[in-house]
Each structure stands twice: as C-alpha cells, then as structure tokens.
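1. With the sequence up front, the predicted model follows.
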Amino acid sequence: MTFAKDMVRITGGRFLMGSEDFYPEEKPAHVAEVAGFLLDAHPVTNLEFGRFVRQTGYLTVAERRPTGPGLEDADPADLVPGSLVFQQASGPIALDDWRRWWIFAPGASWRTPQGPGSSLAGRDQHPVVHVAYEDALAYAEWVGKRLPTETEWEYAARAGRPPTTFAWGEERTPRGRMMANTWHGQFPWENLNPTGRASTTAVGRYRANDWGLVDMIGNVWEWTDSTWTPDHHPSPEPTGPIEPMGELQPTGEPASHSCCGVSRSEPLAEDDRRVIKGGSHLCSPSYCLRYRPPARQGQTVRSSTSHIGFRCAAN
C-alpha cells in the first residue's frame with residue numbers, strides 16, 4: 001500500500017540475499033532479515049530534484065570546481081565542473097576499458113545531462129542523474145528521509161518473489177516483452193532500442209513490481225547508504241555522513257569500477273565507496289549483466305554519471 005505521497009510501505013521479513021551464480025561480489029548468498037520501512041515508489045525525478053535546488057540553492061558535486069589535497073599543482077584549466085557522459089561507439093570495440101565509452105564532459109550536470117547545449121526539456125519525469133552520493137544525502141535530508149541500505153533495497157526489488165535470475169522470473173524478456181530500461185543490442189555500439197536513444201526513460205514506463213515499485217531494475221543505478229565491500233561476508237552495514245569535500249586522503253589515482261567509472265579528476269580514497277544497485281539503461285547481457293536484484297557495484301562517493309540516480313527511504 002502507498003504511504004503519504006509516492007512512498008510504499010514495505011513489510012519486514014526474511015529473504016535470500018546475494019547470489020552464487022554470477023559476479024564474485026554477490027557471494028555468498030545468505031539469509032537476511034529486514035525491518036519494515038518506507039521506500040519511494042520511483043527514483044527521484046528531475047522535477048523533484050529541481051524543486052529542492054530552487055528552494056535551497058544547492059550546488060551538486062558536478063557543478064562545483066574540484067578542490068582538495070593533491071590538486072595544488074594541477075592546471076587550473078583542468079579543474080572545471082563536469083561529469084561523465086556516455087558516448088555510444090561507432091562500431092565493435094574491446095570491452096576492457098570503460099574510458100572507451102565514457103567521456104568527461106565539462107559542464108555536464110543534472111541540469112545538462114548530455115553536457116552543454118542539452119537540457120531537461122521533456123525530462124521532468126525522468127530520474128535525476130549526475131548526482132553524487134552527498135547530493136543524494138542532501139536531498140534526502142531536505143525531504144526528511146534517508147537513503148535505503150543495500151539490504152533494504154534488494155529486499156524491495158525482490159518484492160517477495162523467490163530468488164530467480166531476474167526480478168520478474170527466469171526469462172529476460174518473457175513473451176518478448178522488455179521488463180526494464182536496459183541496453184538493446186551489443187554494448188556499447190549496437191543500439192536496437194526502439195526509441196533510437198540510449199538514455200533514461202520517464203519513471204513508471206515499465207511495469208511496477210509486485211509491491212508497486214517502479215524502475216527498481218534498469219533506467220538508472222541507485223545509491224544506497226551501505227559501505228562497499230568486495231563480497232557479502234559479515235561487515236558493518238551503513239555508515240554515517242561522509243567527510244566534507246577536501247578532507248579525503250588521496251591515493252594518487254582516480255578510482256573506478258567496471259562499467260561505471262568516475263566523473264572527476266581529483267584523487268579519491270579508494271575505500272570511500274557506497275553500494276549502488278539495480279543496473280541502468282546501459283546494462284547489457286553482453287557486458288554488464290547487473291540488472292538483477294542481487295547485483296551490486298561499489299561507487300566512489302563523489303562520482304557522478306549520466307546513469308546514476310537514487311530513491312529515498314524512511315523508517
């Protein structure tokens with residue numbers, strides 16, 4: 001049942017979290033228990049995030065000039081606001097380096113998702129993107145909510161179903177029907193999407209799960225409040241707020257992970273990551289089979305890209 005506006009009441013319970021069948025970071029599969037909570041029915045949209053920005057004057061990480069330790073000798077021309085934008089390849093390419101299809105676009109942000117010259121026209125109901133972890137936290141605090149933990153998120157994505165390969169069953173496209181906004185064709189060059197675009201879609205375009213939640217799979221990756229771990233062996237669940245910008249200890253290299261990469265040039269602490277869940281419109285069976293409930297990735301907290309968003313939870 002829905003609670004308040006656009007939130008769903010999730011009854012607590014036990015479920016099998018993780019998987020033994022796909023990526024190493026999903027192991028070991030184990031029984032997890034979740035207390036009841038509330039979860040947004042859909043990812044936060046551009047319209048909702050815009051309301052937050054107008055009332056608070058908030059600037060996202062992608063809109064700020066990079067600062068911090070290790071950047072003192074950097075060329076000022078390189079220290080410009082921006083974010084990572086997906087760039088479709090013109091033909092088959094090796095999949096061993098995400099830099100082949102991601103570009104750092106100066107000026108790209110939630111307002112200009114494809115970089116300068118782009119806009120949110122017609123995208124009010126699309127998930128907001130180019131938001132870093134701290135941007136998601138700031139919005140959640142403003143609306144009196146929080147980010148879900150990884151366990152809560154995965155439990156909600158399952159919606160009480162048994163641990164099948166996909167959230168809806170064993171077939172990716174039952175009866176030929178696309179169940180989520182994921183990549184059509186061979187990634188990252190063959191785009192067979194009927195719309196002709198590799199991009200987000202309005203929330204709710206695809207069928208809700210059994211608990212009334214839309215876009216838990218595909219469309220955009222979603223931040224959780226859980227610290228990244230390389231597997232599911234026992235470790236602390238979520239941590240508190242992150243340190244202010246500029247106080248991280250540099251490693252000397254920007255961090256990245258699989259298909260997500262990072263959007264900024266400043267050195268980041270390698271262990272300062274949060275779990276993202278759900279996959280995105282760029283996930284493909286030929287490259288990133290992570291549009292499944294147990295799939296997970298670790299993302300550096302100040303990363304922002306054109307395929308990462310979030311939704312909020314509440315107690």
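-> Right, received. Where do you want to start? Numbering: from 1, shown residues only.
2. Could you identify the helix or strand that succeeds the helix or strand of the chain with the lowest mean pLDDT?
-> Using mean pLDDT, DSSP states H and E, the weakest-scoring helix or strand in the chain turns out to be strand 2-3, at a mean of 41. Using DSSP states H and E, the next helix or strand after strand 2-3 towards the C-terminus is strand 7-10.
3. Pull the residues that contact the very next helix or strand once past that next one.
-> Helices and strands here follow DSSP H and E; after strand 7-10, the next one along the chain is strand 13-17. With contact meaning Cβ atoms under 8 Å, 6 or more residues apart in numbering, strand 13-17 is reached by 29-34, 151, 154-155, 158, 160, 163, 232, 294. For the C-beta atoms, the positions are set from N, CA and C on the backbone; glycine is no exception.
4. Need the max-distance pair from these.
-> Farthest-apart pair in these is 160 and 232; separation 20.6 Å (Cβ to Cβ).
5. Compare the two (neighbour count), which wins?
-> Legend: neighbour count by other Cβ atoms under 10 Å for residue 160 and residue 232, higher for residue 232 (20 against 13).
6. ok now do the residue lying closest to the more buried one once chain neighbours are set aside, which residues does it touch?
-> In space, and not counting its chain neighbours, residue 232 is closest to residue 18: 4.7 Å by Cβ to Cβ, 6 or more residues apart in numbering. With contact taken as Cβ under 8 Å, 6+ apart, residue 18 is in contact with 26-30, 232, 294.
7. So which of those sits lowest on pLDDT?
-> By pLDDT, residue 232 ranks lowest within the contacts of residue 18, coming in at 91.
8. if I pick that residue, what's in contact with it?
-> Neighbouring residues of residue 232 by Cβ under 8 Å, 6+ apart: 17-18, 26-30.
9. what about it, which SS state?
-> Three-state assignment for residue 232 (DSSP: H, G, I helix; E, B strand; the rest coil): coil.
10. what's the strand ranked longest in the chain in contact with?
-> Among the segments of the chain that qualify as a strand by DSSP state E, the longest is strand 221-227. By Cβ under 8 Å, 6+ apart, the surrounding residues in contact with strand 221-227 are 43, 131, 133, 136, 146-153, 235-239, 260, 273-280, 297, 299, 307-311.
11. Only C-alpha atoms, please: export it in PDB.
-> C-alpha atoms of strand 221-227 as PDB (Å, rounded to 0.1, in the frame of the first residue of the first chain):
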ATOM      1  CA  TRP A 221      21.700   2.800 -10.900                       C
ATOM      2  CA  GLU A 222      20.700   3.900  -7.400                       C
ATOM      3  CA  TRP A 223      22.800   4.900  -4.500                       C
ATOM      4  CA  THR A 224      22.400   3.100  -1.200                       C
ATOM      5  CA  ASP A 225      23.700   4.100   2.200                       C
ATOM      6  CA  SER A 226      25.800   0.900   2.600                       C
ATOM      7  CA  THR A 227      29.600   0.900   2.500                       C
END
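12. The following helix or strand past that strand to strand 221-227, inter-axis angle?
-> Elements were assigned by DSSP H and E; along the chain past strand 221-227, the next helix or strand is strand 273-277. Counting by axes from the mean of the first three to the mean of the last three Cα atoms, to 10 degrees, strand 273-277 lies at 140 degrees to strand 221-227.
13. on that earlier part again, from the contacts of residue 18, which would you call buried?
-> 26-27, 232, 294 (16 or more other Cβ atoms under 10 Å).
14. how about JSON lines for those, with distance to residue 287 and secondary structure added?
-> Converted to JSON lines, the buried ones among the contacts of residue 18 look like this (distance: Cβ to Cβ, whole Å; DSSP: H, G, I helix; E, B strand; the rest coil):
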{"residue": "26", "distance to residue 287": "17", "secondary structure": "helix"}
{"residue": "27", "distance to residue 287": "20", "secondary structure": "coil"}
{"residue": "232", "distance to residue 287": "23", "secondary structure": "coil"}
{"residue": "294", "distance to residue 287": "18", "secondary structure": "coil"}
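15. ok, those vs residue 207, which is closest?
-> residue 294 (20.3 Å).
16. and the closest one, what does it touch?
-> Shown in contact with residue 294 (Cβ under 8 Å, 6+ apart): 17-19, 22, 26, 29, 154, 163.
17. Now flag whichever of those residues is closest to residue 200.
-> Out of the contacts of residue 294, the member with the shortest distance to residue 200 (by Cβ to Cβ) is residue 154, at 21.8 Å.
18. Need the nearest residue in space to the closest one, chain neighbours excluded.
-> That would be residue 293: by Cβ to Cβ, 6+ apart, it lies 5.2 Å from residue 154.
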